[in-house]
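K.L.:
model the structure of this input:
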Amino acid sequence: MPIPRSTPRAVFGALLAILFLVGACTASGASQAPIAASPVAVASATPAPTVAPTASPTPAPAFPVTLTDDEGTAVTIPAEPKKIVTLTPAATELLFKLGAGDRVVAKVEDVADFPPEAHDLPVVATFQGVDTEKIVGLGADLVIAGGNFGTPPDAVAKLRSLGIPVVVVYAPTVDGALKDIELIGSAVGTADAAKDLTASMRAGMDQVSAAVAGLPAPRVFYETGTDPSGTVYGIADASVYQELIKLAGGDPITTGSAQDWAQSTENLVAADPQIILLGDGAYGMTADAVAARPGWKSLTAVKDGAITPVDDIVVTRPGPRLVDGLLVLAKALHPDAVLPSLAPAAP
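P.N.:
Predicted coordinates:
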């Protein structure tokens, strides 16, 4: 769900998340027929018959395939997608990482403009809505949309009514986000590359969490943005980001709701964060501005000056750089810890 930021164009990094059930056999998964044994010579006037070698089975086609998305909708993809539209920034990143970027014909607006290879793609969705007519005109044969109202449900319904497969994604857990990466690989025909990617990501996450295991877990408020009315937004319960902070060795302070990202001053004062991370630091928010807010001067983090800007895009975008986001959090929470040096997940 898009989260307001300090500036109108700031993006919370729509939660990529894309849940598919792998329902197609591949060459690696197809069972092999037994190899015929060599004929054995026997005492007989009749020569033993020669057994012809058994041919290897033909790999089963990966398509058509029917997948179940994060909203529980069964989506049939009749053939390998050639013209894909990505309505979440995470999905755009992922397809380029999986080597399918040349099949992406349009994308959602992305303030981070990442990866660079996607810069010139037409934009068919913004915070104002989705241009379904343009998507149809591009001949899209697969659309990856954001759940939890990341993509307006009426736009999803319209595209489906026109015969375009739409997979809606929203993973509330880290494991779900990683599984989504594997499953989108199956959706676009790059299952092996997706599995290799998630294996690497899981290994990296294990290294980071192991490095901070046993260290004191500070109470952490992660600020995702503000709006003109002065409302401050944090992270919701049962979200990927709550889990990431825990894996990074922190005790996350959430909004108390799985749907509402607004954080009240009263709840924050009661929770008393020891560290405040500014995900909106790149959009103009500063430690001085935070300290000047009414009621915030009593917070331990404010009194200790423990207010730190972080790279919000890699933290809150559930795509191939999610492990980089975990490392960013761990460094911010435990600057003296010996953390692994992980290669960045460049596209």
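
K.L.:
can you dump the C-alpha atoms of stretch 180-200 in CSV for me?
P.N.:
The C-alpha trace of stretch 180-200 is given here as CSV (Å, rounded to 0.1, in the frame of the first residue of the first chain):
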residue,chain,number,x,y,z
ASP,A,180,7.3,-14.7,-4.5
ILE,A,181,10.6,-14.2,-6.3
GLU,A,182,10.8,-18.0,-7.0
LEU,A,183,7.2,-18.0,-8.1
ILE,A,184,7.4,-15.1,-10.5
GLY,A,185,10.3,-16.9,-12.0
SER,A,186,8.0,-19.8,-12.8
ALA,A,187,5.4,-17.3,-14.2
VAL,A,188,7.9,-15.9,-16.7
GLY,A,189,9.8,-19.0,-17.4
THR,A,190,13.0,-18.3,-15.4
ALA,A,191,12.4,-20.6,-12.4
ASP,A,192,16.0,-21.8,-12.1
ALA,A,193,17.4,-18.3,-12.0
ALA,A,194,14.8,-17.3,-9.4
LYS,A,195,15.7,-20.2,-7.2
ASP,A,196,19.4,-19.4,-7.5
LEU,A,197,18.7,-15.8,-6.5
THR,A,198,16.6,-16.7,-3.4
ALA,A,199,19.2,-19.2,-2.3
SER,A,200,21.8,-16.5,-2.3
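
K.L.:
going along the chain, name the helices of the stretch 51-200 of the chain.
P.N.:
89-97, 132-137, 153-161, 174-188, 191-212 (DSSP state H, counting those that start in this stretch).

K.L.:
lowest-confidence stretch among those?
P.N.:
Ranked by mean pLDDT, the helices of the stretch 51-200 of the chain end with helix 174-188 at the bottom, a mean of 91.

K.L.:
check the offset of that helix from the chain's centre.
P.N.:
8 Å (CA atoms, centre = their mean, to the nearest Å).

K.L.:
ditto for stretch 159-168
P.N.:
For stretch 159-168, the distance to the chain centre is 21 Å (CA atoms, centre = their mean).

K.L.:
got the contact list for it?
P.N.:
Here stretch 159-168 makes contact (CB atoms under 8 Å, 6 or more residues apart in numbering) with 18, 20, 67, 69-71, 73, 75-78, 81, 132, 135-136, 140-147, 151, 156, 184, 187. For every residue, glycine as well, the C-beta is placed using N, CA and C.
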